[in-house]
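Student: no letters, just coordinates:
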């Protein structure tokens, strides 16, 4: 991934997440391989249809930053107090502050 693509991905993800973070979201991590973007949303309880819709809306906004990118969305449940750092990909767009 080129440095410019990484910057666009990070800023695009931050912009897409504005107002979209739900109380169940613990983190959002991502990576880009060629023209494919991988987004992983980590929730602290099983996903609802609302979570599904929110995550895919964010993914659509991120994809809009690139003309021909494909986006793969993964939604994972990892309940507290289990750590989520091991689920991280190349970069984090969001990580919730949590007391262990």
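Tutor: Now that the structure is in, tell me what you want to look at. Because the structure is a prediction, the values reported are computed rather than measured.
Student: now do the SS call for residue 4.
Tutor: Three-state call for residue 4 (DSSP: H, G, I helix; E, B strand; the rest coil): helix.
Student: my error: substitute residue 57 in the last question.
Tutor: At residue 57, secondary structure determined by three-state DSSP is helix.
Student: now do the one 4 residues further on
Tutor: Classification of residue 61 by three-state DSSP places it in helix.
Student: what is the burial count for it?
Tutor: Applying the criterion other C-beta atoms under 10 Å, we find 17 residues in the vicinity of residue 61. (Glycine included, C-beta is placed from N, CA and C.)
Student: so for it, what's the nearest residue that isn't a sequence neighbour?
Tutor: The spatially closest residue to residue 61, leaving aside those adjacent along the chain, is residue 16, at 3.5 Å (C-beta to C-beta, 6 or more residues apart in numbering).
Student: distance of that neighbour from residue 59?
Tutor: Computed as C-beta to C-beta, to the nearest Å, the residue 16 to residue 59 distance reads 8 Å.
Student: now do residue 79
Tutor: Between residue 79 and residue 59 the computed distance is 23 Å (C-beta to C-beta).
Student: neighbour count: these two, which is higher?
Tutor: For residue 79 versus residue 59, the count of surrounding residues by other C-beta under 10 Å is larger for residue 59: 19 against 10.
Student: show me where pLDDT drops low in the chain?
Tutor: Scanning the chain for pLDDT under 70 picks out the ranges 1, 100.
Student: quick one, helices of it?
Tutor: Under the criterion DSSP state H, helices of the chain are mapped to 3-17, 49-63.
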